[in-house]
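1. how does the following fold in three dimensions:
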Amino acid sequence: MTGKNDAEVRVEKRNENHPGDQLIINCLPLDQSERQEFLQAAPGVRQEFIVDTDMRQSMHWLIDVPESLRSEATIILGNPPAEQVVACRNLVWLQTSSAGVDAYMKPGVLPPGAMLTSASGAYGQSVSEHMFAMMWALMKDLPAYRDNQRLGRWEPRGPVLSPHGCQVLVLGTGDIGASFARLAKAVGARTIGIRRHPDQPVEGFDRLAGFDDLDALLPEMDVVALALPSTPQTRHIIDDHRLALMKSTAVLINAGRGDAVDCMALAQALDKDGIFGAGLDVTEPEPLPEDHPLWRQPRCLLTPHVAGGAYLPSNMDKVREICLDNLHRFMDGRPLRNRMR
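-> From the prediction side, this is the model:
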């Protein structure tokens, strides 16, 4: 990214002449020694520490962050409610604690010229492991056997699948998608990645293809895994038409954004044995209504958006490292990591 926008010019002037004019609202879950590291990264800058709602479920933005702080803040580290960021009129940089930032990319959410950076790279291990566990459990029909266990029923359910030698299609080849592909390759799968620019190599994939190739590839795939952001182009990218293209022995996994899969169409496909199974850590809507048919589908494995976040403690170490590094970069006037706008 070349050139400097108005926000960046204002930042440079503040950093050089008046660091005390800045205000950082730090929403990361930090202990005292970690807070000290962030204070040392921005000497002379006022920094208010708030516990992040996304990570510990204990902060209410409108209650715990006074209006005066929201209006004065120039930097926010963490995930404030997207609908409340518009009140931060002096914001020049938002560093999220999440890899996904689609809520903040919508028009009017951030002030004009404000920079946005993500925590991409922090969750690849945990989310890909979750996806891999779902895939393997479904291939062995373990959710249905768990249901039988509750009923005291000891009976085989029929043929199962193996990832060894199978074809795995991954939609989204970023940190999470590539991490999942490497896990799949480690057990003998062949991996194909779908991305906007298939001419750029990505480690972990045997082959790359574009989104235009999706319909031609689906009938040959044994596993279809989604690690996509939410965009108008990715909404319902797996719909009734594409589910019908998939093998009856295929497994679908989604741990990206819930709206990438038409959940009602998926329920119908599973009811008709159109595919072998599905594992969803994200859904549309989220959570699913109590009467949604996927809740009762024995070959659907649902988890409540827990693949990432702070559920694996090492994730937060990675988030803190990214945020701290970017704060150093910001204060030094160097380019930021994971810049989205």
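2. how about the contacts made by Leu39?
-> Gln47 (CB atoms under 8 Å, 6 or more residues apart in numbering). All C-beta spots, glycine's among them, are computed from the backbone N, C-alpha and C.
3. got a pLDDT number for it?
-> pLDDT for Leu39: 97.
4. please apply the same query to the one 10 residues further on.
-> At Phe49, the pLDDT value in this model is 93.
5. report the beta-bridge partners for the nearest residue to it once chain neighbours are set aside.
-> Leaving aside its chain neighbours, Phe49 sits nearest to Asn26 (4.9 Å; criterion: CB to CB, 6 or more residues apart in numbering). Beta-bridge pairing for Asn26 (DSSP bridges): Phe49, Leu77.
6. Asn26 reaches Ile50, doesn't it?
-> Yes. Contact criterion CB atoms under 8 Å: Asn26 and Ile50 qualify, at 6.7 Å.
7. find the residues that touch each one of the two.
-> Joint contacts of Asn26 and Ile50 (CB under 8 Å, 6+ apart) are Gly78.
8. which secondary structure element of the chain has the lowest mean pLDDT?
-> Here the helix or strand of the chain ranked lowest by mean pLDDT, DSSP states H and E is helix 53-56, holding a mean of 46.
9. hang on, the earlier thing: the residue nearest to Phe49: what's it in contact with?
-> Arg35, Phe38, Gln47, Glu48, Phe49, Ile50, Leu77, Gly78.
10. one step back: what's downstream of the least confident helix or strand of the chain, the next helix or strand?
-> helix 61-64 (DSSP states H and E).
11. other residues contacting that next one?
-> Ile50, Val51, Thr53, Pro80, Pro81, Gln84.
12. out of the residues you listed, which two sit at the greatest distance?
-> Val51 and Gln84 (16.1 Å; CB to CB).
13. looking at the two, which is more packed in?
-> It is Val51, of Val51 and Gln84, that has more neighbours when counted by other CB atoms under 10 Å, with 16 against 13.
14. helices or strands up against the longest helix along the chain?
-> In terms of residue count, the longest helix belonging to the chain (DSSP state H) is helix 313-332. Here helix 313-332 touches helix 32-41, strand 75-77, strand 93-95, helix 124-139, going by 3 or more CB pairs under 8 Å, 6 or more residues apart in numbering; DSSP states H and E.
15. make CSV out of those and add distance to Pro159.
-> Listed next are the helices and strands packed on helix 313-332 as CSV, based on distance: least, CB to CB, whole Å:
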stretch, distance to Pro159
helix 32-41, 51
strand 75-77, 50
strand 93-95, 49
helix 124-139, 11
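16. to Val109, which of those lies closest?
-> Closest among the helices and strands packed on helix 313-332, once you apply CB to CB, is strand 93-95, at 9.3 Å.
17. helix or strand next in line after that closest one, which one?
-> Following strand 93-95 toward the C-terminus (DSSP H and E): strand 115-117.
18. and the spatially closest residue to Leu218 that is not a sequence neighbour, what is it in contact with?
-> What sits nearest to Leu218 in space, not counting adjacent residues and going by CB to CB, 6+ apart, is Leu245, at 4.2 Å. Counting by CB under 8 Å, 6+ apart, Leu245 touches Asp215, Leu218, Pro219.
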